Every structure is written in C-alpha cells, then in structure tokens.
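Colleague: return atomic coordinates for the entry below.
(one chain, ligands or ions: 1)
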Amino acid sequence: MLEIQLIQPEKSPGYTNNSRTGCYVPLGLLSIATYSQQQFPNANIEVLDGELLTNQEIITRLKQNAVIGIDTKTPNYVSALEIAKAAKHRDCQVIVGGVYASAIPKEIMSYRQDIIDHVVVGFGEKPFVDIIKGQKDRIIHNPEPSFDELPIPDRSFVDFEKYVLNFQQNHSTWNYRGTNIFTHMGCKYRCLFCSRSGPKKVRFKNPHKVWQEVKNLVENYDIGYIIDFSDTITQDMIALKRLVDSKPDELNPLFHIFSTAEGINQESIELFRKLNVKHVFIGVETGDYKLASKISKGASFSPRRTLEAITLLSDERIGITPSFVLGLPGEDKESLETTYKFAKEIKNLSGFEEVFCSALIPFPGSRAFDLLMKKTEKPNTDIFDPEKTKQRWIEQFCDVDYKTINSYVDKILALGKYTITIRRHN
Ligand code: B12
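Modeller: Modelled structure (predicted):
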C-alpha cells in the first residue's frame, strides 16, 4: 500500500515556543494530504506536526518505504534534515517544500542529494502528486496556486481538538474556540524582511468556497474565532468587498485578520464591521520615521499613519496585535528607545493583549538576506541559522549591538500578555 507521511518538523534545537505554539493546524500540509487522498484513494496518509510532537517522536513514527513530505522554514530546517536522514535510512522517498526550500532549492539539492530526492518551489499539492506518479525532476516549480481546483483542506488528518484546546489555553482571556484558515495568497508590498513565498500578484480564493469552509468549521467543529493567516486582506479592496458581500447572514464567527496600516480607512473599517472582525494583526515595525521610510511597506508608511490606523480601529472597538521588527538598517539606541515609547503609546491607545516582536531575521528569500549576502561572503552551505544570520545582519547594518536589541525585544514583549517572537536560547 502507498504510505504517505507529511511532516512539519519541530523547531530546530534551542528555538523556543511562544503563545502560538500548537494552536494552529498545518494548513499547507493538510491541503497536500487532502488532494493526495483524492488522487490516491487507497493510500494511507498521515500528517505529523512538530508543533505537537518532538522530532524524536516523529522519527520513531517514520514508516519503511514511505513517501515523506517535509515542510521547511528557516527555524526548522536543521530538524527537517534530521528527519530526512532518518527517512532515507528507511528507504523512503523524501520530498521537501515550504518557504525555506522554495528560497534556496539549488543549494538544498547540491548539499543534500543523498537524503533529499525532490524540492518543490511554491505550491505543493500538484507537484507532490506528480512526483508520486513518476515525475523525475529534482527541482519542481509551481509558483501559482490552483485554489479553484483544490479541495477544502480536511481537518480530520490531525487531532483538531488538540489545537483548539491549546488555542484556548494559550489565550485564556479570549475564551474562544479558534482556528486558522486562509483567504488569499500573495502580497503587493515588498517589505525588506519578508520571505513569504507567494505569487507575485495577490490571488484570492473563491469567496463562496471560503464561506463553505467557514460554515463547516462553525457547524461541525463549533468554531467561534477564525484567524485568517493570509498576507494582507486590504490590499485588494474589490476582493475584500466580494468576500464580505457573499457572507451568509447566519454565519457570524469573529475574525482575526492581517492588514497593513495603509489599508485601514473608513471604507475598510466598514467592511471589517460587516465581517465581524475582532482583531487586526498590524505591522507597526518601528516608531522611528527615518527607519520606517527604508522598509518599502507602501509609500505612505510611517509611524503617524500607523497611529491613525490604530486610532480608527480602537474607536471602532476592534483590537489589534501589533508587530515590531527591531534592527532595521541604521537602528541605534535612540531609535530603539523611540520605538519602545511608541509601543507604549499604542498599548495605551488600544490595550493590546497579543504582540509580536523580533530582531530582524534575514530569512533566505528576503531582500534583507540578499543585501547581507552582497555585503559579506555567502557561506558555502544550505543551513542559514536564523540566530547567526540575525547577528551578522546587526553587525553589518545597525549602530547598536545584538544584546541591546534583544533587551528591547524583551521590553516590548513585556507589554503584552500573549507574546510571539523567534529566538534561540542556548
Ligand atoms: C499559519 C502560520 C504558522 C502556524 C501554523 C504553521 C503551518 N505549518 O501552517 C504556526 C503559528 C504554528 C507557525 C509556526 C511557525 N512559523 Co509560521 N507561518 C504561518 C503563516 C502566517 C501562514 C502559513 C499558511 O497557513 N499558509 C497557507 C498554506 C496553504 O500554505 P503553506 O503552509 O505555505 O504551504 C504551501 C506551500 O508552502 C507548500 N509546502 C509547504 N510545505 C510543503 C511540504 C512539501 C513536501 C511540499 C511538496 C510543499 C510544501 O505547499 C503548501 C500548499 O500549497 C506563514 C506566513 C504566510 N502567509 O505564509 C508563516 C511563516 C511560514 N512562519 C514562519 C515562521 C518563522 C514560523 C516559526 C518558526 C515561528 C516560531 N518561532 O514559532 C514556527 C515554526 C513551527 C515549526 N514547527 O516549524 C515564517 C517562515 C520564514 C522562513 N522563511 O522561514 C513565515 C513565512 C512568517 C514570516 N515570518 O514571514 N506558523
């Protein structure tokens, strides 16, 4: 029998958990699992998630001669390699995909051809099935999504209730049964630090299909809070309006969405109200005007514009999750202090509970990574450890040291109750 195991590795050794850990189902893998099951009805398909299992537990469960698909992110790539190696020992076929593999497919293929058979760049559903059917190319590109042809991800491949309970436990004051979906992919902005591998132009899913998925989550899983983990929902107002207009009246879960400050105005606030938006994740990044102008987050991006957007949301009683990136080019002690004061001002204005803050990580695939590689010598490796790359970036681009930046990360995180960061502790 065809055995397929789809895996999100545990974060690499030393990378810590945060308030999001174990709360959200691995949707990309669920989508690949659902499509593969449709194509191979007799296959035995399993999804193993390193947000709930240790890498060791995952390795113990690997089957002999299975097809193994591994999702890669920069902070889990070392763990991904550990799994790939163990899978090869069991004569498995090993396929990797996800944001990290999509950014450096050639490096991966040249350093890991002994343990990795194929790298998929972009959307994985069809290429994964093609490989099982015999496609021989080692690197396969699929940059455009095929939302209309793909089935709705089937949540029964995972222990869905476990994620919902973790979400409740990790966000105790919200007391919602929450889960994640996505409505679109791709982003028109080119933020310095972003490495999301989506299509160049934003693509929204068919709104009726989105509501069908939401209906299923509300009616069959008793979900009351939906986190749309897409890129930025206000970047195409026509598509957003279409989504809102096709919402069935009787379907009213709360929504958590992502938006840039630029996209928040009276028109979008009106749509948020109709959508029942409870929280907006908003990239504040910095309180410093000069640094803000260097990020490429839209022509109007500035701390003033951000404050206007948050004021509009707060007046409407819509909560926010602000996100800060410290260590922008030219960052110094003074700009860090300015950003910290700005974060406190935002706290007073909005009373936020959830906050994201990290030192800038030049993820492969981001402009920051390219800038760093241009300035220093590109190491001969396929492993770009986030913490090390972060330190090299700070040395090259900032006028303040790593330790001081981290102390400000901690100060900003301390303003929130639910905190999200990416850092390795040794
Ligand atoms: C939701 C989310 C999470 C959730 C759920 C994770 C999940 N697997 O779905 C949670 C909160 C748990 C999470 C955790 C982390 N995340 Co996260 N996450 C996201 C987010 C916002 C959306 C992902 C999503 O659902 N996309 C929709 C689905 C359908 O697409 P997809 O997952 O990308 O999968 C498609 C393709 O990538 C590809 N694919 C993926 N895997 C595979 C595997 C194979 C074999 C194949 C063939 C193809 C393939 O095919 C899929 C279907 O088309 C993205 C940002 C974004 N907008 O993409 C960040 C993002 C992917 N996460 C990121 C990071 C850093 C993390 C953490 C390390 C953070 C942390 N310290 O906790 C952890 C790592 C957890 C782990 N154990 O590996 C970064 C990755 C940056 C990078 N280049 O490495 C991103 C890009 C956000 C960012 N900072 O910009 N994340």
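
Colleague: drop to CA atoms for contacts and neighbour counts, all remaining ones
Modeller: Fine.

Colleague: what about residue 1, distance to the ligand?
Modeller: Residue 1 sits 19 Å away from the ligand, taking CA to the nearest ligand atom, to the nearest Å as the criterion.

Colleague: now residue 36
Modeller: Taking CA to the nearest ligand atom as the measure, residue 36 and the ligand are separated by 11 Å.

Colleague: got the contact list for that residue?
Modeller: 125, 128-129 (CA atoms under 8 Å, 6 or more residues apart in numbering).

Colleague: for these, pick the one with the most neighbours.
Modeller: Within the contacts of residue 36, residue 128 tops the neighbour count with 24 neighbours, counted by other CA atoms under 10 Å.

Colleague: tell me the secondary structure at residue 211.
Modeller: Here residue 211 is recorded as helix under DSSP: H, G, I helix; E, B strand; the rest coil.

Colleague: residue contacts, residue 145?
Modeller: The contact partners of residue 145, by CA under 8 Å, 6+ apart, come to 123, 199, 203.

Colleague: from the contacts of residue 36, which is closest to residue 70?
Modeller: The shortest distance between residue 70 and any of those, using CA to CA, involves residue 128 and amounts to 10.9 Å.

Colleague: what about the residue of the stretch 301-426 of the chain at minimum distance from the ligand, which helix or strand?
Modeller: Closest residue of the stretch 301-426 of the chain to the ligand, CA to the nearest ligand atom: residue 422 (4.1 Å). Assigned by DSSP states H and E, residue 422 belongs to neither a helix nor a strand.

Colleague: now do the phi/psi pair for the residue lying closest to it once chain neighbours are set aside.
Modeller: For residue 422, the nearest residue in space outside its immediate sequence neighbours is residue 358; the separation is 6.1 Å by CA to CA, 6 or more residues apart in numbering. As for residue 358, its main-chain torsions (degrees, to the nearest 10) stand at phi -150, psi 160.

Colleague: test my guess that residue 358 contacts residue 411.
Modeller: No - the pair residue 358 and residue 411 fails to qualify as a contact (CA atoms under 8 Å) at a distance of 11.2 Å.

Colleague: and the two? which has more neighbours close in?
Modeller: Just comparing residue 358 and residue 411: by other CA under 10 Å the higher neighbour count belongs to residue 358, 22 against 15.

Colleague: who in the stretch 301-426 of the chain is up against the ligand?
Modeller: Counting by CA under 6 Å from any ligand atom, the residues of the stretch 301-426 of the chain close to the ligand are 363, 421-422.

Colleague: roughly how far is stretch 118-133 from the heart of the chain?
Modeller: Relative to the centre of its chain, stretch 118-133 is centred 20 Å away, using CA atoms, centre = their mean, to the nearest Å.

Colleague: using the three-state scheme, assign residue 240.
Modeller: Secondary structure state of residue 240, per three-state DSSP, is helix.

Colleague: give me every residue in the stretch 1-150 of the chain lying close to the ligand.
Modeller: In this structure, the stretch 1-150 of the chain approaches the ligand at residues 8-11, 17, 20-22, 24-29, 31-32, 50-51, 69-71, 73-76, 95-100, 120, 122-125, 128, judged by CA under 6 Å from any ligand atom.

Colleague: could you measure from residue 73 over to residue 221?
Modeller: Separation of residue 73 from residue 221 (CA to CA, to the nearest Å): 29 Å.

Colleague: so for these two, which residue has more residues nearby?
Modeller: For residue 73 versus residue 221, neighbours defined as other CA under 10 Å are more numerous around residue 73 (23 against 16).

Colleague: and the residue lying closest to that one once chain neighbours are set aside, which of the three is it?
Modeller: Leaving aside its sequence neighbours, residue 73 sits nearest to residue 100 (CA to CA, 6+ apart; 4.8 Å). Secondary structure state of residue 100, per three-state DSSP, is helix.

Colleague: wait, which of the contacts of residue 145 is closest to residue 116?
Modeller: Nearest to residue 116 among the contacts of residue 145, counting by CA to CA, is residue 123 at 18.1 Å.

Colleague: in this structure, which helix is the longest?
Modeller: Taking residue count as the measure and DSSP state H as the definition, the longest helix of the chain comes out as helix 333-350.

Colleague: give me the distance between it and the centre of its chain.
Modeller: Using CA atoms, centre = their mean, the distance from the centre of helix 333-350 to the centre of the chain it belongs to is 25 Å.

Colleague: can you tell me what sits against that helix?
Modeller: Contacts with helix 333-350, where a contact means CA under 8 Å, 6+ apart, come from 286-288, 307, 310-311, 314, 319-320, 326, 352, 399-400, 404-405, 408, 411-412, 415.

Colleague: over to stretch 114-124?
Modeller: 28, 32, 84-85, 88, 93-99, 101-103, 105, 108-109, 127-128, 137-145, 197-198.

Colleague: of the residues you listed, which belong to strands?
Modeller: Counted as lying in strands by DSSP state E, out of the contacts of stretch 114-124, are 93-97, 139-142.

Colleague: make TSV out of these and add neighbour count and pLDDT.
Modeller: Formatted as TSV, the entries for the ones in strands among the contacts of stretch 114-124 read as follows, by neighbours: other CA atoms under 10 Å; pLDDT from 0 to 100:
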residue	neighbour count	pLDDT
93	21	98
94	21	98
95	23	98
96	28	98
97	26	98
139	19	98
140	22	98
141	15	97
142	16	96
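
Colleague: wait, which of those is closest to residue 255?
Modeller: When these are ranked by distance to residue 255 (CA to CA), residue 97 comes first, at 28.8 Å.

Colleague: what about that closest one, distance to residue 147?
Modeller: In this view, residue 97 and residue 147 are 18 Å apart by CA to CA.
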